Structures are given as structure tokens and as C-alpha cells.
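> the sequence and its predicted three-dimensional model are supplied below.
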Amino acid sequence: MKLGYHIGYWSSGPPAGALDAIRTAEELGFDSVWTAEGYGSDALTPLAWWGAATSRVTLGTNIVQMSARTPTATAMAALTLDHLSGGRFVLGLGASGPQVVEGWYGQPYPKPLARTREYVDIIRKVVARDAPVTHDGAFYQLPVQGGTGLGKPLKPTVHPLRRHIPIYLAAEGPKNVALSAEICDGWLPLFFSPKSDGFYRAALEEGFARRSGRPAEFEVAASVRVIVHDDVEQAADLIRPSLALYIGGMGAKNMNFHHDVFARMGYADVADKVQDLYLAGRKDEATAAIPTQLVEDTSLIGPPEKIRDELAAWEETVVTTLLVRGDAATLRKVADALS
């Protein structure tokens with residue numbers, strides 16, 4: 001199983017020591033480095049800036065939010081970064097959720113799967129550069145309808161370094177996971193658990209069946225918290241606040257995809273309680289309501305021997321890469337514990 005380093009998106013500013021951590025990840029033999037965006041920092045600029053200090057690792061976005069850019073703008077960025085990195089770029093995409101899509105980007109959220117299908121199709125056409133790009137879809141039209149009538153189909157001026165840039169899709173629900181297997185080169189799961197492997201494996205197989213079988217290369221790069229610590233409870237305490245935020249506060253009461261992941265995992269009552277407490281402003285109580293077992297189901301925490309023992313279960317799943325976080329010192333501990 002490969003290791004990747006996930007920088008994530010920024011909080012109030014750039015993460016301290018990010019460049020040192022990226023260089024350390026490459027030095028340790030990590031396979032990839034990933035950036036993200038929410039509604040603050042973007043994913044593409046840090047990847048280009050910090051990625052320039054690397055020479056081997058794959059550089060990926062986890063994720064670029066589709067509503068933030070038109071498909072052709074995203075394709076232009078992919079073409080550009082693929083050239084600058086010497087063919088090391090992977091485009092990770094995601095639909096995000098309605099609060100961000102409609103509240104921040106001012107775009108409609110309904111029918112995200114159909115929108116994703118069109119988005120990916122247009123990017124593929126741009127990168128392949130076989131012909132001037134046209135698209136007549138429900139969400140995107142190239143040239144646009146109802147304009148001046150002067151729009152014309154265009155090809156990118158830049159010739160692609162690779163005519164097929166890998167596209168991974170961030171997905172949590174079964175239909176979206178199946179879509180990643182059908183039209184993309186990889187899946188980016190969040191809050192994956194080995195106990196849910198059968199559920200996700202079935203969703204992926206459904207998508208592969210729609211494309212006449214699994215492709216020769218399909219990556220599953222899962223974001224997994226790894227905390228090397230002698231005390232399991234203290235390690236879990238470092239993760240609980242983030243889980244409380246995602247389960248309780250990321251999304252609305254009636255539409256929170258992260259909450260649904262844990263409900264499917266068998267923690268429906270816990271997820272409901274955490275959400276109720278979090279939305280009521282009782283964040284500390286929401287955090288305390290997360291059991292250690294839930295943390296352990298989706299993370300690797302504790303002494304190195306415990307982590308190595310539990311890694312065996314992950315190696316039996318569909319996951320091909322573990323994406324870990326932390327500073328340079330943390331990455332060294334993680335690499336040692338997982339070796």
C-alpha cells in the first residue's frame with residue numbers, strides 16, 4: 001500500500017512547515033502530495049508553488065471544487081500543471097455540498113451526479129485536443145446558447161503533455177462512488193473504514209460494469225488520520241474535534257453526507273446525537289460523544305505495534321494509497337510505524 005501526504009486546505013493562513021513536510025514526504029518515499037480547497041485557500045496555487053520543490057512525487061488536488069470553475073478553466077489548469085510538473089499531475093474533483101456551492105460560489109447544487117458526468121466529459125475533450133470542443137448538455141453548453149451567437153468551438157492553444165490526465169472523484173454516497181468507477185481513474189474516499197469495504201467494493205463494481213470492466217489502473221486514495229501515540233485515548237482526543245465538525249457541522253440537518261457515512265457504518269445514533277449537539281452550539285459535548293471505537297474504525301491510532309497490526313485490515317480493502325497528514329516529524333513517525 002502506497003503512502004501520500006495530504007496538506008489539506010488552509011485555516012486562517014498557510015500551514016506552518018508545509019514545504020518542509022512536502023520535502024520530507026518525498027525523501028521518505030511517499031508516492032504523492034495533495035492539496036485541497038474549501039472557501040479560503042485554493043487547491044491549485046499551493047500545489048504549483050510547493051510542488052516546484054519536488055521532482056518525483058505525484059501532485060494531486062483533493063479536491064478541486066467543480067462549482068468554483070468552469071470545466072474548461074479546470075482543464076486549462078490541469079494542462080498547465082501537468083506540463084510544469086513533467087506529467088506528475090492528478091486532477092481530483094468533487095461536488096462539495098449545497099452550503100458551499102450555493103452559498104459561496106452562487107451555483108445551483110441539484111443533480112450533482114449528472115453535472116459531474118458533463119464536467120468530466122468536457123475536461124477529457126479539452127485534454128485530448130482531438131477537435132474543437134463542443135458540448136450540448138443540461139448544465140454546460142459550448143458554445144453557450146442564448147448569447148451573442150458569436151461563440152465558436154475552440155481547441156486549447158496548449159498541446160497536452162499527456163492526452164489523458166488522471167481524474168479522481170471524491171465521493172461518499174454509493175451512486176457517486178459508482179460514478180467514480182465508471183468515468184474516472186480513481187476514487188478519493190473520506191472516512192473510509194475497513195468494515196465498510198464490502199459496501200464500497202459493490203458500488204465500485206457497479207461502476208466498473210458500466211464501463212465493461214475494471215480498468216488496468218484504478219486508484220483508491222483514502223484520507224486516513226494516523227496518530228502514533230502510546231496512549232490510544234489521547235490519540236483519539238486529537239481526532240474527535242474534527243470528526244465532530246464533519247459529522248455535526250458540515251452540511252445541513254437534512255443533508256450532511258459525512259453524517260450519512262457514519263450512519264451507514266453502524267453509528268446512526270451516535271451521528272444523530274453529535275449532529276444535534278453540534279448544531280445546538282454544544283461543540284464540546286458533541287466532541288465528547290464520539291466513541292473511541294468510531295475513531296479507530298476510520299483511523300490508525302496508538303503505539304506503532306498496534307498500528308502495524310491494524311494496517312493488515314486496510315491492506316485487504318480496495319484502498320491503494322493512504323493519505324496522511326502532519327508536519328515533517330509526524331510523517332517520519334508515520335512512515336516508521338507503517339513500514
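Thanks, I have it.

> residues in contact with F89?
By C-beta atoms under 8 Å, 6 or more residues apart in numbering, F89 lies in contact with T58, L59, G60, A78, L81, D82, I165. C-beta coordinates here come from the backbone N, C-alpha and C atoms, glycine included.

> quick one: which of those is most hemmed in?
G60 (31 neighbours; other C-beta atoms under 10 Å).

> which ones among the contacts of F89 map onto helices?
When these are checked against helices (DSSP state H), the matches are A78, L81, D82.

> surely the last one is in contact with R163?
Read that as D82. No - at 10.4 Å, D82 does not count as touching R163 under the criterion of C-beta atoms under 8 Å.

> tabulate the CA atom coordinates of the helix or strand harbouring A222 in CSV.
A222 is part of strand 219-223 when elements are defined by DSSP states H and E. Provided in CSV are the C-alpha atoms of strand 219-223 (Å, rounded to 0.1, in the frame of the first residue of the first chain):
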residue,chain,number,x,y,z
GLU,A,219,-6.5,4.1,-7.6
VAL,A,220,-8.3,4.5,-4.3
ALA,A,221,-6.5,7.1,-2.3
ALA,A,222,-8.1,7.4,1.2
SER,A,223,-7.6,10.2,3.6
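
> what packs against the helix or strand following it?
Following strand 219-223 in sequence order, the next helix or strand is strand 225-228 (DSSP H and E). Secondary-structure packing of strand 225-228 (3 or more C-beta pairs under 8 Å, 6 or more residues apart in numbering; DSSP states H and E): helix 232-244, strand 299-302, helix 304-315, strand 321-324, helix 328-338.

> can you get me a residue count around I7?
Neighbours around I7, by other C-beta under 10 Å: 24.

> quick check: I123 touching P71?
Yes - the pair I123 / P71 is scored as a contact, 5.4 Å apart, by C-beta under 8 Å.

> show me where the stretch 101-250 of the chain has its helices.
In the stretch 101-250 of the chain, the segments counted as helices under DSSP state H, counting those that start in this stretch are 112-128, 174-183, 197-210, 232-244.

> share the number of residues neighbouring I22, please.
Neighbour tally, I22, other C-beta under 10 Å: 25.

> so it makes contact with W50?
Yes - using C-beta under 8 Å, I22 makes contact with W50 at a distance of 5.2 Å.

> tell me, what's touching the two both at once?
What both I22 and W50 touch, as defined by C-beta under 8 Å, 6+ apart, is the set I7, V33.

> identify the residues contacting stretch 299-317?
If you take C-beta under 8 Å, 6+ apart as the criterion, stretch 299-317 is touched by 1, 192, 194, 197, 201, 224-230, 232, 235-236, 239, 295-296, 322, 336-338.

> flag every buried residue along that stretch.
S299, L300, I301, G302, P304, K306, I307, L311, W314, T317 (16 or more other C-beta atoms under 10 Å).

> tell me the confidence at the residue nearest the centre of the chain?
A centroid search over the chain (C-alpha atoms, centre = their mean) returns N62, at 3.8 Å, as the residue closest to the centre. Here, the pLDDT recorded for N62 equals 97.

> report the contact partners of it.
H6, W34, T35, A36, A43, G92, Y168, A170, L188, A221, S223, L323.

> how about V127?
Listed by C-beta under 8 Å, 6+ apart, the contact partners of V127 are A75, A78, L79, P160, R162, R163, H164, I165.

> how close does G40 sit to E315?
Distance of G40 to E315, computed by C-beta to C-beta, to the nearest Å: 35 Å.

> meant to ask about K283
From K283 across to E315, the span is 35 Å (C-beta to C-beta).

> any idea how far V274 is from the residue lying closest to R225 once chain neighbours are set aside?
The shortest distance from R225 to any non-neighbouring residue, by C-beta to C-beta, 6 or more residues apart in numbering, is to S299 (4.2 Å). Separation of S299 from V274 (C-beta to C-beta): 16 Å.

> and if you look at W34?
Distance from W34 to V274, by C-beta to C-beta: 27 Å.

> L169 too?
Look at L169 and V274: by C-beta to C-beta, they are 27 Å apart.

> neighbour count winner among the two?
Using other C-beta under 10 Å, the more surrounded residue of L169 and V274 is V274, with 29 against 26.

> state the mean pLDDT of whichever strand or helix holds the more buried one.
Assessed by DSSP H and E, V274 sits inside helix 268-279. Mean per-residue pLDDT for helix 268-279: 95.
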